[in-house]
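Asks: The sequence and its predicted three-dimensional model are supplied below.
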Amino acid sequence: MNSSISKTKTNFIEWLSCERSAFYSFNAYPGKDLPYPDQAQKNQAYKVEEESTKLFPGIKKSHDFDFEINQSAPITVYQPTIKVEGNLEVRGDIIKKDIDSKIHIFEVKSSTKPKKEYIPDIAFQVFLLKKNNINIETCNLILLNGEFVRKGNINPKKLFQILDVSDQVKDYLKEDSEINRYIKEIESKTILERNISSTKCKKCPYIVSCLAGISSQILSIPRGGKKIQKLVDRGINNLIDIPEDVKLTENQQKYADVQISNKYQINKSVIKEVLSSLEFPITFLDYETIYPAIPKYDGTYPYQQVPFQFSIHILKDDGNLIYDEYLHLEKSNPMPNLLKHLSTVVGYEGSVISWNDIFEKSINNTMSGMYPDYKILLDSINERMFDLSIIFKNDYLHPKFMGSYSLKNVMPVFYDKLQYSDLSISEGGTASYKWMDMIFGNLDIKENEKIKRDLLEYSKLDTEGMVEIYKSLINLVN
Ligand code: SF4
């Protein structure tokens, strides 16, 4: 029994998502710390919370919520800690007591849209407040306004939207069994439900203890979700043992066939046709972006993808390969200088190759709308863009890809000189937050220099890898 550990709202929300992970957190299992990009994302959420307090003139940081709420004067506090007997504890976002003594709760979320899972979050607070005989007049969500476009200083009334969700919270509390069940079971339950989901588990700090012994082939079934859960629950640990009653989709079956046979499948004629349609010079392009919740630059909106870096390899028809790059190193909006440099490197001829072109195309479309001087170039790049990853969705499947066609999974099969695992920055989320640390954090020169080196190395590998994959494919099909 862990009677000294508090049952918190955070742990309750984790419980709703996966009982086992909540149990591990509650019992302070090793591995509790979040990896860098997730912690950085959390810090961004704290900034949104801080900004939202500007909606409430005179707001104070809470120090003793019981005392503050029992005063007769109106008051608005942030980060109040509400405690109830039985080690129940919640840290709310904002609580306001009006002149008529009515109390309103505000929960801040750094999202632009309401989500179903926000309701239990507020309900847990209301549940605890009720136990302390405090009645709530309204429950509200404070969300970012997705329509907000920055122009100069930020007006918090325009940056945020407030939604009254009192009715949904009331409905949720009518059947408060989830909260009661959590309170009763978190300490004592011995069989804990796993909620296996490939995306969630990948980020889970407890994955090693929780999924030990389960084969990566089963865990990697593409879009496996509940199907993986079912197989694991039935003790099936090999693809070959999947019973007939578990139906795989066409893609999942292809994945299973490749893994079981341990042989790659290639459709040479289709790949040959696709590659022969590409025109020289072939430009391999990759952007790195930030997507701040609170827009940093004029003309941008919450979570807009703002490129701060690109890497480009240009392959000429005589085999000559040229490299160019841009990395913004100032606090100013990176897009104007990035575009200026891009326009000196990329012309109007030849194919442009990216990996997952939806991303690069959407960035070009957004910049094309914001910077009309570059519209013709950006539209032309998009028209000539070819998504190299498409080949690995259908026409080239390899057991080492483990059912994924991400560049990180595909590249090692073709290029073993340098791998993402050799780099300090090895994925886009980390690149994004590290750039923000370098530009807006107060790091020393040495730390900044290291981030700069790491970013340049990481971005270059993306396009270098694409070049090597392209060359290997040409050799394979000819
Ligand atoms: S690895 Fe997945 S199933 Fe296991 S505790 Fe984490 S989220 Fe839950």
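Replies: Nice, I can see it.

Asks: only C-alpha atoms for contact and neighbour calcs from this point on.
Replies: Noted.

Asks: what comes into contact with the helix or strand of the chain with the lowest mean pLDDT?
Replies: Ranked by mean pLDDT, DSSP states H and E, the weakest helix or strand in the chain is helix 198-203, scoring a mean of 78. Here helix 198-203 makes contact (C-alpha atoms under 8 Å, 6 or more residues apart in numbering) with Ile207, Leu219, Ser220, Arg223, Gly224, Gly225.

Asks: Output the below-cut-off pLDDT ranges for the protein.
Replies: 1-4, 30-33, 176, 198 (pLDDT under 70).

Asks: Which residue ranges make up each domain of it?
Replies: Domain ranges of the chain: 7-185, 213-259, 270-477, per automatic domain parsing.

Asks: Throw those into TSV and include distance to Asn195, thanks.
Replies: As requested, these are exported to TSV (distance: least, C-alpha to C-alpha, whole Å):
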stretch	distance to Asn195
domain 7-185	5
domain 213-259	7
domain 270-477	21
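
Asks: Could you report the neighbour count for the residue in the stretch 251-400 of the chain positioned nearest to the ligand?
Replies: Scanning the stretch 251-400 of the chain for the residue nearest the ligand gives Gln252, at 20.3 Å (criterion: C-alpha to the nearest ligand atom). By other C-alpha atoms under 10 Å, 17 other residues sit near Gln252.

Asks: What of Arg181?
Replies: 11.

Asks: now do the one 5 residues further on
Replies: Ile186 is flanked by 23 other residues according to other C-alpha under 10 Å.

Asks: got a list of what Ile271 touches?
Replies: Ile391, Asp395, Leu473, Val477 are the contacts of Ile271 under C-alpha under 8 Å, 6+ apart.

Asks: List buried residues within those.
Replies: Ile391, Leu473 (16 or more other C-alpha atoms under 10 Å).

Asks: Adding secondary structure as columns, could you present the contacts of Ile271 in JSON lines?
Replies: Converted to JSON lines, those look like this (DSSP: H, G, I helix; E, B strand; the rest coil):
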{"residue": "Ile391", "secondary structure": "helix"}
{"residue": "Asp395", "secondary structure": "coil"}
{"residue": "Leu473", "secondary structure": "helix"}
{"residue": "Val477", "secondary structure": "helix"}
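
Asks: so, if you compare the contacts of Ile271, which one comes nearest to Ile94?
Replies: Ile391 (50.3 Å; C-alpha to C-alpha).

Asks: So for that closest one, what's the nearest residue that isn't a sequence neighbour?
Replies: Ile271 (6.9 Å; C-alpha to C-alpha, 6 or more residues apart in numbering).

Asks: from the contacts of Ile271, which are also near the ligand?
Replies: When contact is defined as C-alpha under 6 Å from any ligand atom, the contacts of Ile271 do not meet the ligand at all.

Asks: related to what we said a few turns ago, helix/strand/coil for the residue nearest to Ile391?
Replies: Applying three-state DSSP: Ile271 is helix.

Asks: repeat for the one 3 residues further on
Replies: Classification of Val274 by three-state DSSP places it in helix.

Asks: how deep is it tucked in, by neighbour count?
Replies: With other C-alpha under 10 Å as criterion, Val274 counts 13.

Asks: repeat for the one 5 residues further on
Replies: By other C-alpha under 10 Å, the residues close to Glu279 number 15.

Asks: Packing partners of the strand or helix carrying Asn448?
Replies: For Asn448, the host element (DSSP states H and E) is helix 445-477. Under the contact criterion of 3 or more C-alpha pairs under 8 Å, 6 or more residues apart in numbering; DSSP states H and E, helix 445-477 touches helix 268-276, strand 282-290, strand 306-315, helix 407-414, helix 428-440.

Asks: check contacts around the most centrally placed residue in the chain.
Replies: Most central in the chain under C-alpha atoms, centre = their mean is Gly429, positioned 7.3 Å from the mean C-alpha point. Listed by C-alpha under 8 Å, 6+ apart, the contact set of Gly429 reads Pro37.

Asks: now do Phe26
Replies: Ile5, Lys7, Asn11, Ile186.

Asks: how about a cut-off of 10 Å?
Replies: By C-alpha atoms under 10 Å, 6 or more residues apart in numbering, the contact list for Phe26 reads 2, 5-8, 10-12, 14-15, 20, 32, 186-187.

Asks: out of those residues, who's near the ligand?
Replies: Arg20.

Asks: Could you dump the contacts of Phe26 into JSON lines and include secondary structure and distance to Lys400?
Replies: JSON lines is the format used below for these (DSSP: H, G, I helix; E, B strand; the rest coil; distance: C-alpha to C-alpha, whole Å):
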{"residue": "Asn2", "secondary structure": "coil", "distance to Lys400": "44"}
{"residue": "Ile5", "secondary structure": "coil", "distance to Lys400": "44"}
{"residue": "Ser6", "secondary structure": "coil", "distance to Lys400": "44"}
{"residue": "Lys7", "secondary structure": "strand", "distance to Lys400": "43"}
{"residue": "Thr8", "secondary structure": "strand", "distance to Lys400": "42"}
{"residue": "Thr10", "secondary structure": "helix", "distance to Lys400": "38"}
{"residue": "Asn11", "secondary structure": "helix", "distance to Lys400": "37"}
{"residue": "Phe12", "secondary structure": "helix", "distance to Lys400": "38"}
{"residue": "Glu14", "secondary structure": "helix", "distance to Lys400": "33"}
{"residue": "Trp15", "secondary structure": "helix", "distance to Lys400": "34"}
{"residue": "Arg20", "secondary structure": "helix", "distance to Lys400": "30"}
{"residue": "Lys32", "secondary structure": "coil", "distance to Lys400": "30"}
{"residue": "Ile186", "secondary structure": "coil", "distance to Lys400": "39"}
{"residue": "Glu187", "secondary structure": "coil", "distance to Lys400": "41"}
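
Asks: next one: phi and psi at whichever residue of the stretch 301-450 of the chain sits closest to the ligand?
Replies: Nearest to the ligand, among the residues of the stretch 301-450 of the chain, is Met402, at 18.2 Å (C-alpha to the nearest ligand atom). Main-chain dihedrals, Met402, degrees, to the nearest 10: phi 50, psi 40.

Asks: Give me the three-state assignment for Thr53.
Replies: Thr53 falls in the helix class when you classify it by three-state DSSP.

Asks: Hmm, Tyr46 and it touching each other?
Replies: No: taking contacts as C-alpha atoms under 10 Å, Thr53 lies outside contact range of Tyr46: 11.1 Å.

Asks: More neighbours: these two, which one.
Replies: The neighbour comparison of Thr53 against Tyr46 (other C-alpha under 10 Å) goes to Thr53, with 20 against 15.

Asks: Which residues are in contact with that one?
Replies: Ile59, Lys60, Lys61, Thr76, Val77, Tyr78, Asp93, Ile94, Val108, Pro156.

Asks: from those, which two are the most distant?
Replies: Going by C-alpha to C-alpha, the pair spanning the contacts of Thr53 furthest: Lys61 and Pro156, at 18.3 Å.

Asks: Show me whatever sits in contact with both of Thr53 and Tyr46.
Replies: Joint contacts of Thr53 and Tyr46 (C-alpha under 10 Å, 6+ apart) are Val108.

Asks: and the helix holding Asn448 with helix 428-440, angle?
Replies: Here the directions of helix 445-477 and helix 428-440 differ by 150 degrees (axes from the mean of the first three to the mean of the last three C-alpha atoms, to 10 degrees).

Asks: Can you pull the residues of the stretch 201-350 of the chain lying near the ligand?
Replies: Cys201, Cys204, Tyr206, Ile207, Cys210, Leu211.

Asks: Are any of the residues you listed buried, and if so which?
Replies: Cys201, Cys204, Tyr206, Cys210.

Asks: I'm done for today, thanks for sticking with me.
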